[in-house]
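Trainee: take this sequence and fold it.
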Amino acid sequence: MNIGTINPLKYYTPSFLCQNIINLSVVMLFLFTACNGKVHGKQPLQKKEVRYAVAVLPTPVLKTPDFYSVFGGKDGRTLRLTPKNMVEEVEFVALPGTVFTIEKTIRKDTYEILKVKTEDYPYPTQKGHYIDSRFAEKKTEKPAERIRILPDKNAIINKLVSAKGAIYVWGGNYVKGIPEMIEFYKPAGKLSEEVHDRWILKGVDCSGLLYEATDGYIPRNVESLFNLGSAVDIKGLNPDEIAKKLKPLDIIVYKRHVVIVLDSRQAIQSTIAEGVHLRSLAGIIRTISETMMPATNPREEGIADKFVVRRWYFN
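Mentor: All right, here's what the predicted structure looks like:
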């Protein structure tokens, strides 16, 4: 064979090249399919289920999935309030970093309502707890729980005092409020200042006052505060004797309410009638003693008509 007589163009005509490109494409498709497990009878990789969410903003947690019925109503501008001006559907405000386990997803137009549970608030309700997905970031793997660091005593006291004048908001624990509530649930018209502040949950309830001041370090529910820290023995003492035993950040707890000691003279609390305000420590103990008896161990003595003092800050 005379190599010198071979014409290479004979073997690289357009038709020859097209045919080989087609053959190469078929091989590549075969390999791609095989790598995805279809040739060998394997199932393709399944997309991981989104089972968790992490709060990226202060996140309202409600006892109903129907957020619009609470913030807007039928006319788009009505806030569902009780006769005492409380939005009772609000359970609490989850701090940024709070981890939720998603139990159910309710799809809306551009977002989702998520039925959730969280270790930050392990208190069940009949209908469950719900958040708006726009306040959180969804995850397939469970993130680390929110880190709880107890602030310095003076920092806590300063934050408590700085909340003075805030209104009482049922389930509230974010004094500055959540502006995104107006953005996500935009009212159909101008709101009064009072309704606006309640719409964005600008205020705190009694336990929410301490929860925010400690950056979410302590339990959020009043009932849990009956067992926080250690008991101060006040059984059988009169109000003045009790006041002398108390230290800064001790808490006076009774049914559905908590009062926080600031120093030897003053205490702070959030009430429906007055919001966040300071009172004489001895005076507030005298007022409580008019209807309640001092106790040391609520488990043994019951809490229906008793109040206790718990010491939880020991530094």
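
Trainee: contacts, neighbours, all on C-alpha from now
Mentor: Noted.

Trainee: can you give me the strands in the stretch 201-315 of the chain?
Mentor: 203-204, 230-231, 251-254, 257-261, 266-271, 275-280, 293-294, 306-311 (DSSP state E, counting those that start in this stretch).

Trainee: quick one: contacts of the fourth one?
Mentor: Applying Cα atoms under 8 Å, 6 or more residues apart in numbering, the contact partners of strand 257-261 are 206-207, 210, 222, 246-253, 267-269, 281.

Trainee: so how far is Arg107 from Ile303?
Mentor: 43 Å (Cα to Cα, to the nearest Å).

Trainee: now the closest residue to Arg311 other than its chain neighbours: phi and psi?
Mentor: Leaving aside its sequence neighbours, Arg311 sits nearest to Asp250 (Cα to Cα, 6 or more residues apart in numbering; 4.8 Å). When read as degrees, to the nearest 10, the backbone of Asp250 gives phi -60, psi 150.

Trainee: so Asp250 touches Trp312, yeah?
Mentor: Yes: using Cα atoms under 8 Å, Asp250 makes contact with Trp312 at a distance of 6.8 Å.

Trainee: quick check, pLDDT for Lys127.
Mentor: The model reports Lys127 with a pLDDT of 89.

Trainee: actually Glu91, not the one I typed
Mentor: 97.

Trainee: between the strands of the stretch 201-315 of the chain, which one is closest to Lys153.
Mentor: strand 257-261 (11.9 Å; Cα to Cα).

Trainee: angle of that closest one against strand 306-311?
Mentor: 40 degrees (axes from the mean of the first three to the mean of the last three Cα atoms, to 10 degrees).

Trainee: what is the mean pLDDT for strand 257-261?
Mentor: 98.

Trainee: one more: stretch 285-296?
Mentor: 96.

Trainee: and it, which residues are buried?
Mentor: 285-286, 288-289, 292-296 (16 or more other Cα atoms under 10 Å).

Trainee: farthest-apart pair in the residues you listed, please.
Mentor: Going by Cα to Cα, the pair spanning those furthest: Arg286 and Thr296, at 17.2 Å.

Trainee: how confident was the prediction at the nearest residue to Leu262 once chain neighbours are set aside?
Mentor: Sequence neighbours aside, Pro248 is the residue nearest to Leu262 in space, at 4.9 Å (criterion: Cα to Cα, 6+ apart). We have a pLDDT of 98 for Pro248.

Trainee: show the contacting residues for Pro248.
Mentor: By Cα under 8 Å, 6+ apart, the residues touching Pro248 are 261-264.

Trainee: how far off centre is the longest strand seen in the chain?
Mentor: The residue-count maximum for a strand in the chain (DSSP state E) belongs to strand 99-107. Relative to its parent chain, strand 99-107 has a centroid offset of 13 Å by Cα atoms, centre = their mean, to the nearest Å.
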